[in-house]
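Engineer: Requesting a structural model of the entry that follows:
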Amino acid sequence: MLSELKLGPRRMAQAARLMELARSQEVEILAHFYQRTEVKALAHFVGGSLGLHRAAINSRAKAIMVCGVDFLAQNIERLRPDLKILVPRPDADCPFSQTVGPREVSQIRLTHPNHLLVADIKASGALRDLCDLEISPEGEFPTNLGHQGAMVLPALSAGDPGTRAVSHWPRASCQVHYQVTAADVKKALTKLKGAKVAANSLCRPEVRQMADLVGDSQTIFEGCLNAPRGDWLVISESGLVECLRAKIPESRFHECEVEIFCPNMKLTNIKDMLHTLEAELPAMDTEPKVTPLGDRPEQAGPAG
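Structural biologist: Purely as a prediction, here's the structure:
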């Protein structure tokens, strides 16, 4: 793991220190597919939002470090309130998860009064508090809708309810995945005869319609892992393709000319992770020891 990283001496020393502290403090490091290469190389588990939820539920560690964006840490904390959750970059937010807030929820309840609001696994903690139901940590859609319809917020990214009674807030979109158009996919496929297409569920509707496999990053990863080996055009953040190539070298994974890059997911680095664990160390007493004047031993005077 550590030996595979191509880092300079200083960064390699930081990585070694990081792993040493993670072991001594019994911290499990979870990293999203979209994180930097070196962050994923040092993580105990790498996966999509759904995969990280599962890993957190099953973790036996004393603490979990979440390398990802804000909603991941918030939701893992809800799942495992018994664990300490460490976040190396609290400023790594997800604009997509914030596209629906209290104002939008009020508007939706006015325009869709009979709909139940369902929080997707990418919903922030604040949004979950405003919804009626949640998609389970396993990505399962709630079945207790009765005769009511449902609206998934911010947008369905895992699981497939398979019913027209479920709708989505049309104004919620991921600008990172929306960069790729249907024309970009067609252009790529002209050079990749026979390749199958895997598209993230946050892509444009017309892009999803062209895909053989649609889902969140975890669904795409598992789908490609279980599929016959061959060529895949993957329309998702570039970190997923990096993981697929490493895990399934027998298949060939391609990207469009438009690189899908999430700057928020790339904020976390080794230095951030190390400082987070160092902050958990017992405070060192660095104050100089001063003996009170009345307790000082008598000093001998000059002989005479």
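Engineer: ok, residue 268 to residue 14 distance?
Structural biologist: Note on residue 268: its distance to residue 14, by CB to CB, to the nearest Å, is 13 Å. C-beta coordinates here come from the backbone N, C-alpha and C atoms, glycine included.
Engineer: er, residue 52 actually
Structural biologist: Applying CB to CB to residue 52 and residue 14 gives a distance of 23 Å.
Engineer: Which one of those two is surrounded by more residues?
Structural biologist: A count of neighbours by other CB atoms under 10 Å puts residue 52 above the other of residue 52 and residue 14, at 28 against 19.
Engineer: Spit out the contact partners of that one.
Structural biologist: By CB atoms under 8 Å, 6 or more residues apart in numbering, residue 52 lies in contact with 30, 32, 45, 66, 68, 72, 76.
Engineer: Look up the residues forming beta bridges with the second one.
Structural biologist: Spelled out, it's residue 32. For residue 32, the beta-bridge partners under DSSP bridges are residue 47.
Engineer: So residue 133 is in contact with residue 146, correct?
Structural biologist: No. The pair residue 133 / residue 146 is not scored as a contact, 11.1 Å apart, by CB atoms under 8 Å.
Engineer: Of these two, give the one with the bigger neighbour count.
Structural biologist: The neighbour count for residue 133 versus residue 146, taken as other CB under 10 Å, is higher for residue 133 (17 against 8).
Engineer: pLDDT score for that one?
Structural biologist: On the pLDDT scale, residue 133 is placed at 90.
Engineer: Residue 298 too?
Structural biologist: Taking residue 298 on its own, its pLDDT is 45.
Engineer: One more: residue 142?
Structural biologist: 82.
Engineer: Any chance of the backbone angles for it?
Structural biologist: Main-chain torsions, residue 142, degrees, to the nearest 10: phi -60, psi 140.
Engineer: That one is in contact with residue 134, isn't it?
Structural biologist: Yes. Look at residue 142 against residue 134 with CB under 8 Å: they come within range, at 7.3 Å.
Engineer: okay, and the common contacts of the two?
Structural biologist: residue 118.
Engineer: Without its sequence neighbours, what residue ends up closest to residue 188?
Structural biologist: In space, and not counting its chain neighbours, residue 188 is closest to residue 256: 4.7 Å by CB to CB, 6 or more residues apart in numbering.
Engineer: what's near enough to touch that neighbour?
Structural biologist: For residue 256, the contacting residues are 180, 184, 185, 187, 188, 233, 235, by CB under 8 Å, 6+ apart.
Engineer: What is the burial count for the last one?
Structural biologist: This points to residue 235. 30.
Engineer: State the pLDDT value of it.
Structural biologist: Predicted confidence (pLDDT) for residue 235: 97.
Engineer: same check, this time on the first one
Structural biologist: With respect to pLDDT, residue 180 scores 97.
Engineer: Residue 124 too?
Structural biologist: Note for residue 124: predicted pLDDT of 86.
Engineer: low pLDDT regions in the stretch 51-200 of the chain?
Structural biologist: 147, 158-165 (pLDDT under 70).
Engineer: change it to 80
Structural biologist: Within the stretch 51-200 of the chain, the stretches falling below the threshold (pLDDT under 80) are 138, 143-148, 156-172.
Engineer: can you map out the helices along it?
Structural biologist: Along the stretch 51-200 of the chain, counting by DSSP state H, counting those that start in this stretch, helices occupy 70-79, 102-111, 125-130, 182-191.
Engineer: so which of those helices is the most packed in?
Structural biologist: Mean neighbour count (mean count of other CB atoms under 10 Å) peaks for helix 70-79 among the helices of the stretch 51-200 of the chain, with a mean of 21.
Engineer: Could you list the residues in contact with it?
Structural biologist: Contacts of helix 70-79 (CB under 8 Å, 6+ apart): 30, 32, 49, 52-53, 56-57, 64, 66, 85, 87, 90, 92-94, 97, 121-125, 128, 137.
Engineer: can you list the domains in the protein?
Structural biologist: Here the domain assignment for the chain is 9-93+264-278, 102-168, 177-254, based on automatic domain parsing.
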